[in-house]
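Peer 1: have a look; sequence and predicted model below, questions after that.
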Amino acid sequence: MDLSNLLFIIASVVLSYLLIVQFINFFSLRKLGHFPAVEDYPFVSILVPARNEERNIERCVRSLLQQDYPNYEILVLDDESEDRTWEILSNLARDNKKLHIFKGNPLPEDWIGKCWACHQLSQSARGEYLLFVDADTEHKPTMLRSIIDAAQFYQADLVTGFPHEEVGSFSELLTIPLINWGILSAIPMPLAFALPHPALSITVGQIMLFKRESYEQIGGHVAVKNHVCEDMALGRLIKAMGFRWRLVDAGQVSRCRMYTNLEEVVNGLSKTIFGAINFRTSLILLFSLLLFLLFCFPILVLLLSFIVPLADALVKKVVFVVLLSLLSWMLANIRFPLPWYTAFLYPLISAISIFIFIRSMYLTSTGKACWKGRFIANYHVRQ
């Protein structure tokens, strides 16, 4: 058996496994809004770090002020913004007693900006639960009630949810789908819920609800103060210390548009991808190789078959791999709704993702990673 045939057999096996994981997660990931209502709702502090968020902050805060929840406060920290963020927050806070706004203290040298902002927020919060949400999210009035329902149902110390990721440009269609595909494919959720290993977790910083006592016991954001992907690090800490972590689908109650153009997407994902896999060079290279072999190489061979005659048996294997790949991406787009035609872009999505993976590793390891005017490099590079 030649190398090409062997590669496509391996690709078929890997894709079959990924499809099994996807089918499991397709039905086992529960949606917010579908948990039993609790009888007594605890006091919750909603915490929003904001730096240069004039584009998003009003929409986010107004949606939080409209929550149909009996007992909560909203704290927003302006993290040394250089735009109109503080002006917008001041106008919103004028007639809203639930809303408390703060100007952040200068960033210490050994902290990542977002971690420092979240830490300051947590110090002022009064809630039994702490709900961290990103400033580029928007929420239906049922969001807070539904995530507390989930936390009480699971008796969880951390509930994290991924909102519906909106796409408004073609460049976003070439990048955002990888996030949805990765969440659906990465880990069988029943296994992640059952086993305590920290690596078996996906934590999404856009929505993180902590039981305050558990958050303080793991050290809060102080424990991850220089981690560029603090959400994943916090989730791993929760599991490592024996607390209960749960992931839910928040797409029916929350939405987010993280980026609006290709430059924002590439820079935004480049700052976090390497940290998300705990700065492991070997994993970045492995994932890049897998994306190429599963989703780029078969398409190249298929196109080559129209130019250079190839053995029928090999072409059949290539077509089978391409069909499995298409099914895999279609499943992700159905579960986390995106335009139907997005699935057919998967070879291009994968190629761009490989570029972002390598770029993230390079920028982080060389100290050149930057976001919103701050260098955020982390030097804990590992093999």
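Peer 2: Thanks, I have the structure now. Residues are numbered from 1 along each chain as shown.

Peer 1: look up how far Ile88 lies from Ala117.
Peer 2: In this view, Ala117 and Ile88 are 17 Å apart by C-beta to C-beta, to the nearest Å. Just so you know, the C-beta spots here come from the backbone N, C-alpha and C atoms, and that holds for glycine as well.

Peer 1: compare these two (neighbour count), which wins?
Peer 2: Taking neighbours as other C-beta atoms under 10 Å, Ala117 and Ile88 compare with Ala117 leading, 27 against 22.

Peer 1: what's whatever helix or strand that one lives in packed up against?
Peer 2: Following DSSP states H and E, one finds Ala117 within helix 113-124. Judged by 3 or more C-beta pairs under 8 Å, 6 or more residues apart in numbering; DSSP states H and E, the packing partners of helix 113-124 are strand 44-50, strand 72-78, strand 99-103, strand 129-133, helix 230-240.

Peer 1: what residues sit buried inside it?
Peer 2: For helix 113-124, burial by neighbour count (16 or more other C-beta atoms under 10 Å) applies to 113-122.

Peer 1: next: stretch 236-249.
Peer 2: For stretch 236-249, the neighbour count (16+ other C-beta under 10 Å) marks 236-239, 243-249 as buried.

Peer 1: same check on stretch 168-180?
Peer 2: Buried residues in stretch 168-180, defined by neighbour count with 16+ other C-beta under 10 Å: 171-180.

Peer 1: quick one: the helices and strands packed on helix 113-124 as TSV, columns for mean pLDDT and distance to Pro36 too.
Peer 2: Compiled in TSV, the helices and strands packed on helix 113-124 are given as follows (pLDDT from 0 to 100; distance: least, C-beta to C-beta, whole Å):
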stretch	mean pLDDT	distance to Pro36
strand 44-50	97	18
strand 72-78	97	20
strand 99-103	95	30
strand 129-133	98	17
helix 230-240	94	23
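
Peer 1: of all the ones you listed, which one comes closest to Asn5?
Peer 2: helix 230-240 (37.7 Å; C-beta to C-beta).

Peer 1: count the residues that sit near Arg145.
Peer 2: 21.

Peer 1: and it, which helix or strand is it part of?
Peer 2: Using DSSP H and E, Arg145 sits in helix 143-154.

Peer 1: low-confidence bits of the stretch 1-150 of the chain, can you list those?
Peer 2: Where the stretch 1-150 of the chain drops to pLDDT under 70, the residues are 1.

Peer 1: swap the cut-off to 90 and go again
Peer 2: Counting by pLDDT under 90, the stretch 1-150 of the chain has low-confidence residues at 1-9, 39, 94-97, 109-113.

Peer 1: then the stretch 201-350 of the chain?
Peer 2: 226-229, 257-284, 302-317, 337-340.

Peer 1: helices of that one, start to end?
Peer 2: With DSSP state H, counting those that start in this stretch, the ranges of helices along the stretch 201-350 of the chain come out as 212-217, 230-240, 262-276, 281-291, 297-304, 312-335, 346-366.

Peer 1: distance of Gly367 relative to Val228?
Peer 2: Applying C-beta to C-beta to Gly367 and Val228 gives a distance of 12 Å.

Peer 1: actually, Pro36.
Peer 2: Look at Pro36 and Val228: by C-beta to C-beta, they are 37 Å apart.

Peer 1: who has more neighbours out of those two?
Peer 2: Using other C-beta under 10 Å as the criterion, Pro36 and Val228 rank with Val228 on top: 26 against 9.

Peer 1: longest helix of this protein, counting residues only.
Peer 2: If you go by DSSP state H, the chain has its longest helix at helix 3-28.

Peer 1: how about it: buried residues?
Peer 2: Per 16+ other C-beta under 10 Å, helix 3-28 contains these buried residues: 7-8, 11-12, 15, 18-19, 21-22, 24-25.

Peer 1: which residues does the residue nearest the centre of the chain contact?
Peer 2: Geometric centre of the chain, nearest residue: Val204, 4.2 Å, by C-alpha atoms, centre = their mean. Contact analysis of Val204 by C-beta atoms under 8 Å, 6 or more residues apart in numbering lists 160-162, 231, 247.

Peer 1: mind putting those residues in CSV, distance to His221 included?
Peer 2: Converted to CSV, the contacts of Val204 look like this (distance: C-beta to C-beta, whole Å):
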residue, distance to His221
Thr160, 15
Gly161, 19
Phe162, 20
Asp231, 10
Leu247, 20
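
Peer 1: of those residues, closest to Ile74?
Peer 2: Nearest to Ile74 out of the contacts of Val204 is Gly161 (C-beta to C-beta; 17.9 Å).

Peer 1: neighbours around the closest residue in space to that closest one that isn't next to it in sequence, how many?
Peer 2: The shortest distance from Gly161 to any non-neighbouring residue, by C-beta to C-beta, 6 or more residues apart in numbering, is to Ala250 (3.1 Å). The local packing of Ala250 (other C-beta under 10 Å) involves 28 other residues.

Peer 1: residues in contact with Ala250?
Peer 2: With C-beta under 8 Å, 6+ apart, Ala250 has these contacts: 31-32, 143, 147, 161-164, 207.

Peer 1: let's see that with 7 Å instead.
Peer 2: Residues near Ala250 by C-beta atoms under 7 Å, 6 or more residues apart in numbering: 32, 161-163, 207.

Peer 1: now flag whichever of the residues you listed is closest to Pro196.
Peer 2: The closest of these to Pro196 turns out to be Gly161 (C-beta to C-beta; 20.9 Å).

Peer 1: domains for the chain, by residue range?
Peer 2: For the chain, automatic domain parsing gives the domain ranges 3-25+276-375, 31-163+206-259.

Peer 1: looking at those, which is nearest to Leu184?
Peer 2: Judging the domains of the chain by C-beta to C-beta, what sits closest to Leu184 is domain 3-25+276-375, at 4.8 Å.
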